[in-house]
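K.L.:
Sequence first, then the predicted structure:
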Amino acid sequence: MEQQPKITQKTTKPAITKIRKKKRTRERGLNMLFSNKAHKFPFLSITAAAYIVRLAITLVVLALPVILFPHFSAISDARHEQTDTPAQNAIETTPAANNEYTAKVLSLSQPSIETLAGSQTIQQEQTDAPQPKPQTDIPEKPPDYSPAASSQQPWDDATDIIHYMNGVPPEPPEPKLPAIPPEPPEPMKVAYITIDDGPSRAITPGILDVLQREEVPATFFVLPHQGLDDIYMRIIEEGHEIGNHSYSHNYTRLYSSHNIEAFKDDIIMARDFILENFGYLTTSFRFPGGSGGRSSAVIISRREVLAELGYRDFNWQIDSGDASPHDTDKSADGIVSQVLSNTRNREHLIILFHDTASKRTTLEALPRIISGLREQGYTFDIIRNYPIS
Ligand SMILES: [Zn+2]
């Protein structure tokens with residue numbers, strides 16, 4: 001008993017305090033490690049963390065059907081509607097539209113069912129949890145375009161297109177009235193003024209003045225007169241036609257049945273006279289006195305010569321009468337009446353005039369004849385443009 005105080009006495013007071021602090025620190029650490037409080041705290045922390053993780057996973061899985069498949073809750077309603085009132089649905093929609101609608105609903109419901117089947121816990125909790133409110137954005141049923149319903153709704157262009165796509169027959173077209181054939185156009189009537197035997201110093205310039213003023217082309221079947229070159233040239237320059245009317249104008253020479261070469265030489269001489277003096281090649285020919293009343297054999301053989309020389313020959317439909325031996329005093333009124341009263345509405349009308357010094361009535365009558373023919377609807381042209389029949 002006496003030694004213990006010695007020992008206590010040998011140890012200094014600060015050392016004793018240090019030792020005690022170390023001891024308390026050691027004991028506190030052991031308490032932290034082995035006491036009930038220190039042992040339960042980490043155990044409970046691990047449990048709580050696991051619980052929180054499980055709860056989070058559960059909430060996420062529970063939320064998946066609602067977030068990803070908002071139409072899930074509406075599926076059963078839609079199915080109930082279809083199964084409960086099949087007759088009503090059949091009336092409201094066409095079979096094709098119902099099939100399409102059902103396929104759409106099934107495609108939406110399939111993922112949701114598979115998700116629920118994969119987790120028994122989730123299904124149990126979802127059953128216990130309050131049922132989510134049915135979604136209101138159910139895909140609308142397609143409009144009814146059946147023929148029965150078409151009469152109850154207005155038609156427009158858009159519905160016409162949809163009707164066409166759904167096989168609805170279009171409305172029958174309105175009956176068309178028989179087409180009225182257009183009236184045939186008025187035939188263009190052409191008058192060909194032909195003036196034979198010229199030119200002449202006394203008459204031709206006056207005729208050219210009238211034609212120029214009236215802007216009417218004409219055809220001059222000329223003879224080889226000397227000293228009238230300026231008139232020939234004026235005829236050409238003013239756009240009229242010069243025709244071959246023979247060189248001799250001698251009926252015996254031209255129409256002797258056995259002298260076809262004389263006819264040919266006469267035509268060539270007239271052609272060359274006009275060609276060499278005025279540089280104008282004639283292509284139209286008029287038989288002196290006309291071809292009418294002569295032997296057809298004579299005319300046919302001469303026409304072969306004319307064709308060989310490149311000519312077409314022309315007679316006339318109306319003789320103005322200004323060259324008739326019995327009409328030497330035929331008045332201008334008589335000439336006008338003779339022409340205008342015999343047109344007979346011909347489509348192509350060749351009119352015969354003469355150009356000699358004694359035919360002043362021809363010049364006087366010509367303006368009135370042109371005016372009268374225009375009133376009858378005629379236009380004017382040169383004989384070269386007469387249509388080939
Ligand atoms: Zn003549």
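P.N.:
Now that the structure is in, tell me what you want to look at. Predicted model, so just to flag it, every value in this text is computed and none were measured. Numbering: from 1, shown residues only.
K.L.:
Flag the shaky bits of the stretch 1-150 of the chain, pLDDT-wise.
P.N.:
Low-confidence segments of the stretch 1-150 of the chain, defined by pLDDT under 70: 1-46, 65-150.
K.L.:
Got the phi and psi for I195?
P.N.:
Main-chain torsions, I195, degrees, to the nearest 10: phi -130, psi 120.
K.L.:
what does Y51 give?
P.N.:
phi -60, psi -40.
K.L.:
what's the spacing between it and the ion?
P.N.:
Computed with CB to the ion, to the nearest Å, the distance linking Y51 and the ion is 138 Å. All C-beta spots, glycine's among them, are computed from the backbone N, C-alpha and C.
K.L.:
Which parts of the chain belong to which domain?
P.N.:
Residue ranges for the domains of the chain, per automatic domain parsing: 35-128, 189-385.
K.L.:
of all those domains, which lies closest to P175?
P.N.:
domain 35-128 (31.3 Å; CB to CB).
K.L.:
Which secondary structure state is assigned to Y192?
P.N.:
Secondary structure, DSSP: H, G, I helix; E, B strand; the rest coil: Y192 is strand.
K.L.:
and the domains of the chain as TSV, adding distance to P175 and mean neighbour count?
P.N.:
What follows is those, written out as TSV (distance: least, CB to CB, whole Å; neighbours: other CB atoms under 10 Å):
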stretch	distance to P175	mean neighbour count
domain 35-128	31	13
domain 189-385	40	17
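K.L.:
Next, give phi and psi for the residue in the stretch 201-350 of the chain positioned nearest to the ion.
P.N.:
Nearest to the ion, among the residues of the stretch 201-350 of the chain, is P288, at 4.6 Å (CB to the ion). For P288, the backbone dihedrals are phi -60, psi 130 (criterion: degrees, to the nearest 10).
K.L.:
Nearest spatial neighbour of it, chain-adjacent residues omitted?
P.N.:
H249 (4.7 Å; CB to CB, 6 or more residues apart in numbering).
K.L.:
Kindly confirm whether my reading is correct that the one you found touches G198.
P.N.:
No: with contact taken as CB atoms under 8 Å, H249 and G198 are classed as non-touching, separated by 11.8 Å.
K.L.:
Now for the two: what residues contact both?
P.N.:
Overlap of the contact sets of H249 and G198 (by CB atoms under 8 Å, 6 or more residues apart in numbering) consists of L223.
K.L.:
Please determine how far the residue lying closest to G198 once chain neighbours are set aside is located from the ion.
P.N.:
Leaving aside its chain neighbours, G198 sits nearest to D355 (3.2 Å; criterion: CB to CB, 6+ apart). Counting by CB to the ion, the separation of D355 from the ion is 10 Å.
K.L.:
Next one, pLDDT for D355 please.
P.N.:
The confidence metric pLDDT takes the value 92 at D355.
K.L.:
Please tell me how far it sits from D272.
P.N.:
22 Å (CB to CB, to the nearest Å).
K.L.:
Next, L254: secondary structure please.
P.N.:
helix.
K.L.:
Could I get the contacting residues of it?
P.N.:
Applying CB under 8 Å, 6+ apart, the residues contacting L254 are S246, S248, A262, F263, D266, F287, P288, R302.
K.L.:
try S295
P.N.:
Contacts of S295 (CB under 8 Å, 6+ apart): Y255, S257.
K.L.:
Phi and psi next, for it.
P.N.:
phi -60, psi 130.
K.L.:
picking up where we left off before, want to try JSON lines for the contacts of L254, with pLDDT and secondary structure as columns?
P.N.:
Output for the contacts of L254, formatted as JSON lines (pLDDT from 0 to 100; DSSP: H, G, I helix; E, B strand; the rest coil):
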{"residue": "S246", "pLDDT": "98", "secondary structure": "coil"}
{"residue": "S248", "pLDDT": "97", "secondary structure": "coil"}
{"residue": "A262", "pLDDT": "96", "secondary structure": "helix"}
{"residue": "F263", "pLDDT": "97", "secondary structure": "helix"}
{"residue": "D266", "pLDDT": "98", "secondary structure": "helix"}
{"residue": "F287", "pLDDT": "98", "secondary structure": "coil"}
{"residue": "P288", "pLDDT": "97", "secondary structure": "coil"}
{"residue": "R302", "pLDDT": "97", "secondary structure": "helix"}
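K.L.:
Kindly indicate which of those lies nearest G377.
P.N.:
Distances from G377 to the contacts of L254, taken by CB to CB, are shortest for F287, at 29.7 Å.
K.L.:
Those residues of this protein touching the ion, which are they?
P.N.:
Proximity of the chain to the ion is confined to D196, D197, P288 under the rule CB under 5 Å from the ion.
K.L.:
if we go to 6 Å?
P.N.:
Residues of the chain found near the ion (CB under 6 Å from the ion) are D196, D197, H245, H249, P288.
K.L.:
Mind checking which of those land in strands?
P.N.:
D196 (DSSP state E).
K.L.:
Three-state assignment for S358, please.
P.N.:
Under three-state DSSP, S358 comes out as coil.
K.L.:
how close does it get to E183?
P.N.:
Distance, S358 to E183, by CB to CB: 48 Å.
K.L.:
Am I right that G243 is in contact with L223?
P.N.:
No: using CB under 8 Å, G243 is not in contact with L223, being 10.8 Å away.
K.L.:
For the two, list the residues in contact with both.
P.N.:
Counting by CB under 8 Å, 6+ apart, nothing touches both G243 and L223.
K.L.:
For the helix or strand containing I267, give me every contacting residue.
P.N.:
I267 is part of helix 260-278 when elements are defined by DSSP states H and E. Here helix 260-278 makes contact (CB under 8 Å, 6+ apart) with 222-224, 229, 232-233, 236, 242, 244-248, 250, 253-256, 280-282, 285, 301-302, 305-306, 309, 311.
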